[in-house]
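A.B. asks: following is a predicted model, sequence given first.
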Amino acid sequence: MLLHDDINTAAKLIVEGRLVAFPTETVYGLGADAFNARAVARIFEIKQRPSFDPLIVHIASLDDMSLLTSDNDPRIHQLANAFWPGPLTLVLNRTDRVPDIVTSGLPTVAVRMPGHPVALELIKKAKRPIAAPSANKFGKISPTSAEHVRKHLPEVDFILDAGHTTIGIESTIVRLHETGFQILRHGAVTMQQIEQLIPNAQLASQNEPVAAPGMLKTHYSPDKPLYLADNPIVPKLNKQKCGLLSFTGHNTQGYHAVVLMTESLDLKEYAVKMFAAMHHMQDNPDIDYIVAEPVPEKGIGMAIMDRLRKAADKYTSPDSIQ
Ligand code: AMP
Ligand code: MG
């Protein structure tokens, strides 16, 4: 059980420039004082994250916004009112106060107010915005429990444990343009939800270069090959060596292990369990390959398929079967 004392300790460590892993509703974050460039540098070091991949800065109140941005677009407030605290990150023009290392030298900063009481209390007690990426090594599976963090990032100074996260997938990242908005990363807040709120929003052209460094083709990867079930490689695999992430519950015969991700085709439930199921398969010594059944790309299904495709990307070629 998490004690308030733990949050006090964690806040003190943040103030001292140390790193704290903490729960958010999406995934566990690895946090540092956003205004302490040295502390933030240690995030990059521990995660082995390339310096071109900027961090999201977490706030606990709208008052903190003025420290980070002077943008005053009314749509920011509309989105903040509708989705904060919650899984939406806004990319805004930054103030000079935000260290370059946080934004990878970009003129913009990504900001989010997380919807988890422990995260909010930590930020409030530390009395400063907290820069935090997911608390995992770069490119690996995101942590949805304190246990995942302990196992994969033992270097962290302190871990606040509040059990499993409730959304399980990283935030939606949005950039506003004069004519509309662009989703830089899919998450639990869907494009349809945002479109309902910003009337006459035009989607930025798909041909425009996506202004989200760090959005690499390969990401969120388990240490074992992951294939989407419709990949022609899959029938050639020895099923006894495969674990299946099943969406429909169909065609599960012969697999060494099957995780039925949802009993009722519920995409939200799938998202909550996705990274934990990947961790589970990765840790099972009898499994050499992970097979994931694709899910419908609607609502949070867009975000799920984005993560599954990125997890699978390294392993699309038949040469990758040893
Ligand atoms: P993570 O913290 O690992 O969930 O990832 C944060 C992601 O947010 C980065 O990989 C970027 O793609 C995106 N991001 C952060 N800051 C910016 C920014 N200033 N402009 C565009 N994208 C950003
Ligand atoms: Mg991450």
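C.D. replies: Perfect, I can see it now. Ligands and ions are numbered 1, 2, ... in the order given.
A.B. asks: what about residue 52, how many neighbours?
C.D. replies: Burial measure for residue 52: 10 neighbouring residues, criterion other C-beta atoms under 10 Å. The way it works is simple: take the backbone N, C-alpha and C, and place the C-beta from them, glycine included.
A.B. asks: phi, psi for it please.
C.D. replies: Main-chain dihedrals, residue 52, degrees, to the nearest 10: phi -80, psi 0.
A.B. asks: report the separation between it and residue 160.
C.D. replies: According to C-beta to C-beta, to the nearest Å, residue 52 and residue 160 sit 29 Å apart.
A.B. asks: pull the contacting residues for residue 56.
C.D. replies: 89, 110-112, 131-133, 171, 173 (C-beta atoms under 8 Å, 6 or more residues apart in numbering).
A.B. asks: how about the strands in the stretch 201-322 of the chain?
C.D. replies: In the stretch 201-322 of the chain, the segments counted as strands under DSSP state E, counting those that start in this stretch are 202-203, 226-228, 242-246, 257-260, 289-292.
A.B. asks: an error on my part: the question was meant for the stretch 51-200 of the chain.
C.D. replies: Going by DSSP E, counting those that start in this stretch, the stretch 51-200 of the chain shows strands at 56-58, 88-93, 108-112, 130-131, 158-159, 172-177, 180-185.
A.B. asks: surely residue 308 and residue 290 touch.
C.D. replies: No. Using C-beta atoms under 8 Å, residue 308 makes no contact with residue 290, being 9.9 Å away.
A.B. asks: these two - which one has more neighbours?
C.D. replies: residue 290 (27 against 22).
A.B. asks: that one is in contact with residue 224, isn't it?
C.D. replies: Yes. Under the criterion of C-beta under 8 Å, residue 290 makes contact with residue 224 at 5.7 Å.
A.B. asks: shared neighbours of these two, anything?
C.D. replies: With C-beta under 8 Å, 6+ apart, residue 290 and residue 224 have common neighbours 281-282.
A.B. asks: before we move on, the earlier item: could I get the contacts of residue 56 in JSON lines, plus columns for distance to residue 218?
C.D. replies: Shown next, in JSON lines, are those (distance: C-beta to C-beta, whole Å):
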{"residue": "89", "distance to residue 218": "21"}
{"residue": "110", "distance to residue 218": "21"}
{"residue": "111", "distance to residue 218": "26"}
{"residue": "112", "distance to residue 218": "24"}
{"residue": "131", "distance to residue 218": "24"}
{"residue": "132", "distance to residue 218": "22"}
{"residue": "133", "distance to residue 218": "17"}
{"residue": "171", "distance to residue 218": "20"}
{"residue": "173", "distance to residue 218": "18"}
